[in-house]
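>>> Test case, fold it:
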Amino acid sequence: MHLPENPAGERPLADPGRIVPTCADSHVGTIRKSRWACGPRLSEGPLGGKRMKINHRIPLNGNDPFWKYIQLLGLPIDRGNIRYSQTGDGTDLIWVLNVTEDNPVWPKVEHLLAEHRILTQVNNIFTEAEMNSAEWFLVSALGHHGYPQPEDDFGYIDVTYESGSCCPVCRIGKVQVAPFRLRTEPKASHSQFLQLNWVFDELFVRATAREGLISAGITGIKFLAPVLHKRNTPSEQIVQIKIQTILVDALDTTGFQPVTCKSMNEEWRPNKWITPDKESNRPFCGRIKYHSMHRGPYRFAREAFIGVPDLVKSTEWFGSGGGAFRRIIASQRFRQVVTEAKWRGLRFEPIEIINEHT
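Here you go, the predicted model:
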């Protein structure tokens, strides 16, 4: 099938090479056409590319010309129910395409994405066998509920973390010294685990799951009740899981996009708000974090997990812009406890354990 080129005069959705920093806000990260988007060659092992699938999710305006080419390929389109305008003709919705890289038409879709300069969201789909055979997992909440308080001007940072512990530009280095503060009790009554918006390296848990974790002997954690901000009283419904252990340097960073805290870094683009002169006067720390999106499993050195408890955090930082967080990592034993109890609210993504740290 011949696919026409992007028609002249039709404006692409994104500037060439633009980095959209949503990967700090979601573990289904946004990628661009770059040397980092390709990632490492996936292995043939239990977490390798032959069984795991890499899915690309493309959400776009329903009237974008991209869709007529996708229809020629015969791919199913979710026409959605989220409106971005009020034309009422069906094209005022966000349409979504999901396509995996093992689909025979993926090369043509990839070509279209490049031609139209369209960003995608990528996530790794693991089989049940891979889930059951993995030793360690990245863990995150399926839903984020509410914002840490005070949220205006990110005031929660000064209230919750040690003064001066983190870089004021990139936020690497935060050290928590006070309970998180909530606007209200969380509403997600059916989820035993949840996270706050903006805070991607802390988990909160309801009483039933807390008691279950204690009974199961899950190691490496303590509990701390957040505070209801206006009442200044502890939450009666959830507690924070305080993870006590930070791994040693262990991540294979091949395929990750680095973000250096420096003037005009990898994410910087000229704009009217931050000029080069203003950039040079900011108090950069020079440290590096990574976009959390990664094509294929994260790869950690085995030696880092010797003798560690069931819940730990990476020493490496992730995020974009002014956001930074460590990844939460859990043992297979923790996953089994959660799964057998049928507790809801967590996403598990297997880690590939390698024998040498590259």
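
>>> just for the stretch 151-300 of the chain, where's the confidence low?
Low-confidence segments of the stretch 151-300 of the chain (pLDDT under 70): 271-279.

>>> how much space between residue 141 and residue 200?
Separation of residue 141 from residue 200 (Cβ to Cβ, to the nearest Å) stands at 9 Å. Where you see a C-beta, it was placed from the backbone N, CA and C, and this is true even at glycine.

>>> Repeat that for residue 248.
For residue 248, the distance to residue 200 (Cβ to Cβ) stands at 21 Å.

>>> Ok, residue 348 next?
When distance is defined by Cβ to Cβ, residue 348 is 15 Å away from residue 200.

>>> higher neighbour count, these two?
Neighbours were counted for residue 348 and for residue 200 using other Cβ atoms under 10 Å; residue 200 has more, 24 against 19.

>>> Assumed the more buried one was part of a helix.
No: note on residue 200: no helix contains this position according to DSSP: H, G, I helix; E, B strand; the rest coil, which reports strand.

>>> Grab the nearest non-local neighbour of it.
Excluding the flanking residues, the one nearest residue 200 by Cβ to Cβ, 6 or more residues apart in numbering is residue 325, at 4.3 Å.

>>> give me the beta-bridge partners of the one you found?
Beta-bridge pairing for residue 325 (DSSP bridges): residue 318.

>>> ok, then the element right after the helix or strand hosting residue 215?
Taking DSSP states H and E as the definition, residue 215 sits inside helix 207-216. Downstream of helix 207-216, the first helix or strand assigned by DSSP H and E is strand 221-224.

>>> Any figure for the gap between residue 259 and residue 123?
Distance of residue 259 to residue 123, given as Cβ to Cβ: 20 Å.

>>> pLDDT score assigned to residue 6?
Residue 6 carries a pLDDT value of 37.

>>> Touching, residue 125 and residue 101? I think so.
No: taking Cβ atoms under 8 Å as the definition, residue 125 is not a contact partner of residue 101, at 10.4 Å.

>>> Looking at those two, which is more packed in?
The residue with more neighbours, out of residue 125 and residue 101 and counting by other Cβ under 10 Å, is residue 101; that gives 16 against 13.

>>> Show the backbone phi and psi for that one.
Phi and psi for residue 101, reported as degrees, to the nearest 10, are phi -70, psi -10.

>>> Contact partners for it?
Residues in contact with residue 101 (Cβ atoms under 8 Å, 6 or more residues apart in numbering) are 53, 54, 55, 56.

>>> And the helix or strand in which residue 349 is found, what does it pack against?
Element membership for residue 349, per DSSP H and E: strand 346-350. In this structure, strand 346-350 packs against helix 128-133, strand 136-141, with contacts taken as 3 or more Cβ pairs under 8 Å, 6 or more residues apart in numbering; DSSP states H and E.

>>> I'd like to know the average pLDDT value across the last one.
Yep, that's strand 136-141 we're talking about. The predicted confidence, averaged over strand 136-141, sits at 96.

>>> Beyond that strand, next helix or strand please.
Using DSSP H and E, the helix or strand that directly follows strand 136-141 along the chain is helix 156-160.

>>> now for that following helix, which elements pack on it?
strand 181-182.

>>> What is the subsequent helix or strand relative to the strand it packs on?
On the C-terminal side of strand 181-182, the closest following helix or strand by DSSP H and E is strand 193-196.

>>> which residue ranges form the helices in the stretch 251-358 of the chain?
Ranges of helices within the stretch 251-358 of the chain are 276-280, 332-341, based on DSSP state H, counting those that start in this stretch.

>>> again, but for the stretch 1-150 of the chain
Listed in chain order (using DSSP H, counting those that start in this stretch), the helices of the stretch 1-150 of the chain are 66-73, 106-116, 128-133.

>>> That'll do, ta.
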